[in-house]
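Student: Sequence first, then the predicted structure, then my questions.
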Amino acid sequence: MANPWTGEVALVIDGRRRVMKLTLGALAELETALESGSLVELVQRFEGGGFSSRDVLALLLAGLRGGGEEVSREALMTAEIAGGPVAAARAAAELLARAFTVPGAA
(Lines give C-alpha, C1' and ligand atoms only; values in the text may rest on other atoms or scores of the structure.)
Protein backbone atom coordinates (compact mmCIF):
# COMPACT_ATOMS: atom_id res chain seq x y z
CA MET A 1 0.00 0.00 0.00
CA ALA A 2 1.25 3.47 -0.83
CA ASN A 3 1.95 5.64 2.20
CA PRO A 4 0.50 9.15 1.67
CA TRP A 5 2.46 10.46 4.69
CA THR A 6 5.70 9.85 2.80
CA GLY A 7 4.31 11.14 -0.51
CA GLU A 8 3.81 7.75 -2.13
CA VAL A 9 1.30 7.12 -4.92
CA ALA A 10 0.54 3.71 -6.44
CA LEU A 11 -0.20 3.01 -10.11
CA VAL A 12 -0.50 -0.26 -12.04
CA ILE A 13 1.90 -0.24 -14.99
CA ASP A 14 2.24 -3.24 -17.30
CA GLY A 15 0.16 -5.29 -14.87
CA ARG A 16 2.40 -4.58 -11.89
CA ARG A 17 1.62 -2.24 -9.01
CA ARG A 18 4.32 0.40 -8.72
CA VAL A 19 4.84 2.82 -5.87
CA MET A 20 6.03 6.26 -6.91
CA LYS A 21 7.46 9.09 -4.84
CA LEU A 22 8.88 12.51 -5.59
CA THR A 23 12.15 12.64 -3.66
CA LEU A 24 14.37 15.71 -3.77
CA GLY A 25 16.46 14.02 -6.48
CA ALA A 26 13.32 13.13 -8.44
CA LEU A 27 12.13 16.75 -8.20
CA ALA A 28 15.50 17.96 -9.51
CA GLU A 29 15.21 15.48 -12.39
CA LEU A 30 11.70 16.74 -13.05
CA GLU A 31 12.91 20.34 -13.27
CA THR A 32 15.52 19.28 -15.81
CA ALA A 33 12.97 17.28 -17.83
CA LEU A 34 10.60 20.25 -18.02
CA GLU A 35 13.34 22.24 -19.80
CA SER A 36 11.41 25.45 -19.21
CA GLY A 37 9.33 26.76 -16.40
CA SER A 38 9.40 25.86 -12.75
CA LEU A 39 7.74 23.41 -10.42
CA VAL A 40 5.42 26.23 -9.32
CA GLU A 41 4.31 26.67 -12.93
CA LEU A 42 3.78 22.91 -13.18
CA VAL A 43 1.59 22.96 -10.07
CA GLN A 44 -0.38 25.86 -11.54
CA ARG A 45 -0.92 23.95 -14.80
CA PHE A 46 -2.29 20.95 -12.90
CA GLU A 47 -4.48 23.12 -10.68
CA GLY A 48 -5.87 24.89 -13.73
CA GLY A 49 -6.27 21.77 -15.85
CA GLY A 50 -3.78 23.09 -18.42
CA PHE A 51 -1.20 20.33 -18.09
CA SER A 52 0.13 18.36 -21.06
CA SER A 53 0.78 14.68 -21.63
CA ARG A 54 4.48 15.62 -21.51
CA ASP A 55 3.91 16.97 -17.97
CA VAL A 56 2.19 13.72 -16.93
CA LEU A 57 4.96 11.58 -18.42
CA ALA A 58 7.70 13.63 -16.75
CA LEU A 59 5.96 13.44 -13.37
CA LEU A 60 5.36 9.69 -13.57
CA LEU A 61 8.93 9.03 -14.67
CA ALA A 62 10.36 11.15 -11.84
CA GLY A 63 8.00 9.47 -9.37
CA LEU A 64 8.94 5.99 -10.52
CA ARG A 65 12.63 6.76 -10.23
CA GLY A 66 12.06 8.39 -6.83
CA GLY A 67 10.31 5.19 -5.80
CA GLY A 68 13.34 3.13 -6.79
CA GLU A 69 12.23 1.92 -10.24
CA GLU A 70 14.79 1.83 -13.03
CA VAL A 71 12.69 2.82 -16.03
CA SER A 72 13.42 4.75 -19.19
CA ARG A 73 11.24 7.42 -20.74
CA GLU A 74 10.85 5.22 -23.82
CA ALA A 75 9.68 2.23 -21.76
CA LEU A 76 7.13 4.36 -19.92
CA MET A 77 5.83 5.79 -23.20
CA THR A 78 4.89 2.32 -24.43
CA ALA A 79 3.72 0.92 -21.08
CA GLU A 80 0.14 -0.17 -20.41
CA ILE A 81 -1.25 1.94 -17.56
CA ALA A 82 -4.33 0.58 -15.80
CA GLY A 83 -7.05 3.17 -16.17
CA GLY A 84 -5.38 4.76 -19.18
CA PRO A 85 -4.47 8.42 -19.55
CA VAL A 86 -7.02 9.56 -16.96
CA ALA A 87 -5.49 7.34 -14.25
CA ALA A 88 -2.00 8.45 -15.30
CA ALA A 89 -2.96 12.13 -15.03
CA ARG A 90 -4.68 11.54 -11.69
CA ALA A 91 -1.59 9.77 -10.30
CA ALA A 92 0.70 12.53 -11.59
CA ALA A 93 -1.43 15.22 -9.94
CA GLU A 94 -1.52 13.23 -6.71
CA LEU A 95 2.27 12.86 -6.76
CA LEU A 96 2.69 16.58 -7.14
CA ALA A 97 0.17 17.36 -4.41
CA ARG A 98 1.70 14.88 -1.96
CA ALA A 99 5.18 16.27 -2.55
CA PHE A 100 4.12 19.69 -1.28
CA THR A 101 1.30 19.08 1.23
CA VAL A 102 0.80 17.20 4.47
CA PRO A 103 -1.95 14.52 4.22
CA GLY A 104 -5.11 15.56 6.00
CA ALA A 105 -4.18 19.26 5.93
CA ALA A 106 -6.99 21.51 4.79
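Tutor: Yes, it's here. Numbers count the residues shown, from 1 in each chain.
Student: excluding its backbone neighbours, what's nearest Met77?
Tutor: Of all residues not flanking Met77 in the chain, Leu57 sits nearest, at 6.8 Å (Cβ to Cβ, 6 or more residues apart in numbering). Backbone N, C-alpha and C define where each C-beta goes, glycine included.
Student: Now do the same contact list for Arg98.
Tutor: By Cβ atoms under 8 Å, 6 or more residues apart in numbering, the contact set of Arg98 is Pro4, Gly7, Glu8, Val9, Leu22.
Student: Among these, which one lies nearest to Leu96?
Tutor: Closest approach between these and Leu96, by Cβ to Cβ: Leu22, at 7.2 Å.
Student: for the closest residue to that closest one other than its chain neighbours, what are its contacts?
Tutor: Counting by Cβ to Cβ, 6+ apart, the nearest residue to Leu22 once its immediate chain neighbours are dropped is Ala99, at 4.0 Å. By Cβ under 8 Å, 6+ apart, the contact set of Ala99 is Gly7, Leu22, Leu27.
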